[in-house]
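**Student:** what's the 3D shape of this:
(chains A and B)
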Amino acid sequence: MNAPDRYERFVVPEGVKKVSYERDTKIINAASFTVEREDHTIGNILRMQLHRDPDVLFAGYKLPHPLQYKIIVRIHTTSQSSPMQAYNQAVNDLDKELDHLKNAFEAELAKHSREY
Amino acid sequence: MEGRSYQRFPTVKIRELKDDYAKFELHDTDASMANSLRRVMIAEVPTIAIDLVEIEVNSSVLNDEFIAHRLGLIPLTSGRAMSMRFSRDCDACDGDGQCEYCSVEFHLRAKCLSDQTLDVTSRDLFSSDPSVVSVDFAESSDNPDNRGIIIVKLRRGQELRLRAIARKGIGKDHAKWSPAATVTFMYEPEFYINEDMMEKLTPEQKISVVESSPTKVFDIDAKTGQIIVVDPEAYTYDDEVIKTCELLKIPGLIEVHPKEDSFIFTVESTGAIKASQLVLNAIDILKQKLDAVRLSEDTVEADEQFLELGAHMRGG
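**Tutor:** Numbers count the residues shown, from 1 in each chain, chains lettered A, B, ... in the order given. Purely as a prediction, here's the structure:
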């Protein structure tokens, strides 16, 4: 009866920002990014990509509650970088990886259809 | 600062490809990427499915909502889905979701006039768009085995007449929109057999080691009498061989390690889209999702102002 609408899970409500950013008040170069209407699909690849960056001291994400359709990504970097820079870098790298994967898959598909 | 990149360059090898089935290897990436692809294929690649049903006449044994539910679950050919609009953000029809950009209309009329039971199937559904039809309607219509998906059975005098609207949606909303029957991936296993230890084994011991695996992973080479791996991918990570080796007081004879950067994917499609297209669509959707989580301009500006303010405070 009081279940939330199904579309609540993936439609960002009006007036809500998809990604909001909050600096840590106590630690320099640490921040939390709240990503609305996303889950482990984005959270986990972002976290793993951030771990590849040697300037990132800490990167983690959490899904606070299954009925709160958002994730919180927390990043702590060295003074050589900033959480925002590391976040952008991770998103760009993943984007390029997917471009590469798409080309690789299409090439393999073309090769496969020629063989048969 | 610019120019740093920690990008990976994944490689793909397709092993088997049919319209509704694909098996491929994914190398040089990690489990997070493999799992995200799997999750996107199951829950976020769009397809078209019946979403709204107006029943005109229903004197069948099944009630209206039961039939509506069954109609929703019929897979429809969804090649158009990627370029279609979601009815919730379609501006051509003010959100009532009944225009050509975001919906497809279906009609069904069936009445049983004979003494024999009449099967009402997905083949009785007539579409307003020839590119969006029931999956079995599209494939080999001359196949006598292909009788369509049964919706309801009618006896003499019973009738079913309805209008249905199909819309674009994703599996996250309702499973009827999921294009995937199953999507799985496994780590490619790597086996190490200690040859020095194997030398000391009796043939009986070798047989018991080989037979301890519930799936046929190992065998004994007929010529050399050695234990060999015949089918590494049959291994289900059940640890039975390792336990048997310990029991036989020969721990370490066989070691298995999953290769952390190699995955074997199995993709089965419902038929709504081809399995190969499903993978490609999943990559596109994941890219779109990543684009959506990029920081917006005003977030970056707000942070720069914050930094300046901080500098002021420290300076003053």
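
**Student:** just the strands in the stretch 51-200 of chain B please.
**Tutor:** Along the stretch 51-200 of chain B, the stretches classed as strands by DSSP state E, counting those that start in this stretch are B:103-111, B:118-121, B:126-127, B:150-154, B:159-169, B:180-193.

**Student:** helices or strands up against the lengthiest helix in chain A?
**Tutor:** Identified as the longest helix of chain A according to DSSP state H is helix A:83-115. Here helix A:83-115 touches strand A:30-36, helix A:40-51, strand A:70-77, strand B:11-18, helix B:275-292, going by 3 or more CB pairs under 8 Å, 6 or more residues apart in numbering or on different chains; DSSP states H and E. C-betas here are computed from N, CA, C, even on glycine.

**Student:** export the ones you listed to CSV and tack on distance to B:Pro258?
**Tutor:** CSV is the format used below for those (distance: least, CB to CB, whole Å):
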stretch, distance to B:Pro258
strand A:30-36, 30
helix A:40-51, 17
strand A:70-77, 27
strand B:11-18, 18
helix B:275-292, 22
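
**Student:** just send the ones you listed back as JSON lines, with mean neighbour count too.
**Tutor:** JSON lines is the format used below for these (neighbours: other CB atoms under 10 Å in any protein chain shown):
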{"stretch": "strand A:30-36", "mean neighbour count": "19"}
{"stretch": "helix A:40-51", "mean neighbour count": "22"}
{"stretch": "strand A:70-77", "mean neighbour count": "22"}
{"stretch": "strand B:11-18", "mean neighbour count": "16"}
{"stretch": "helix B:275-292", "mean neighbour count": "20"}
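
**Student:** ok so, going back, export the strands of the stretch 51-200 of chain B to TSV and tack on distance to A:Val91?
**Tutor:** Below are those laid out as TSV (distance: least, CB to CB, whole Å):
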stretch	distance to A:Val91
strand B:103-111	34
strand B:118-121	47
strand B:126-127	40
strand B:150-154	45
strand B:159-169	26
strand B:180-193	23
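
**Student:** which stretch among those strands comes nearest B:Met41?
**Tutor:** With respect to B:Met41, and counting by CB to CB, the nearest of the strands of the stretch 51-200 of chain B is strand B:180-193 at 4.7 Å.

**Student:** and the closest one, which strands flank it?
**Tutor:** Strand B:180-193 pairs in its sheet with strand B:254-269 (antiparallel), by DSSP bridges.

**Student:** mean confidence for the partner strand?
**Tutor:** With pLDDT averaged residue by residue, strand B:254-269 scores 96.

**Student:** gap between it and the chain center?
**Tutor:** 17 Å (CA atoms, centre = their mean, to the nearest Å).

**Student:** pull the CA atoms of that strand into PDB?
**Tutor:** C-alpha atoms of strand B:254-269 as PDB (Å, rounded to 0.1, in the frame of the first residue of the first chain):
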ATOM      1  CA  ILE B 254      46.600 -30.000  -7.300                       C
ATOM      2  CA  GLU B 255      46.100 -26.300  -6.800                       C
ATOM      3  CA  VAL B 256      43.500 -24.100  -8.500                       C
ATOM      4  CA  HIS B 257      43.700 -20.400  -8.800                       C
ATOM      5  CA  PRO B 258      41.000 -18.200 -10.500                       C
ATOM      6  CA  LYS B 259      42.600 -15.800 -13.000                       C
ATOM      7  CA  GLU B 260      41.600 -12.400 -11.600                       C
ATOM      8  CA  ASP B 261      41.500 -10.700 -14.900                       C
ATOM      9  CA  SER B 262      39.800 -13.300 -17.200                       C
ATOM     10  CA  PHE B 263      36.100 -14.000 -17.400                       C
ATOM     11  CA  ILE B 264      34.000 -16.300 -19.400                       C
ATOM     12  CA  PHE B 265      30.600 -14.800 -20.100                       C
ATOM     13  CA  THR B 266      27.400 -16.700 -21.000                       C
ATOM     14  CA  VAL B 267      24.600 -14.500 -22.300                       C
ATOM     15  CA  GLU B 268      21.200 -15.900 -23.100                       C
ATOM     16  CA  SER B 269      18.600 -13.500 -24.500                       C
END
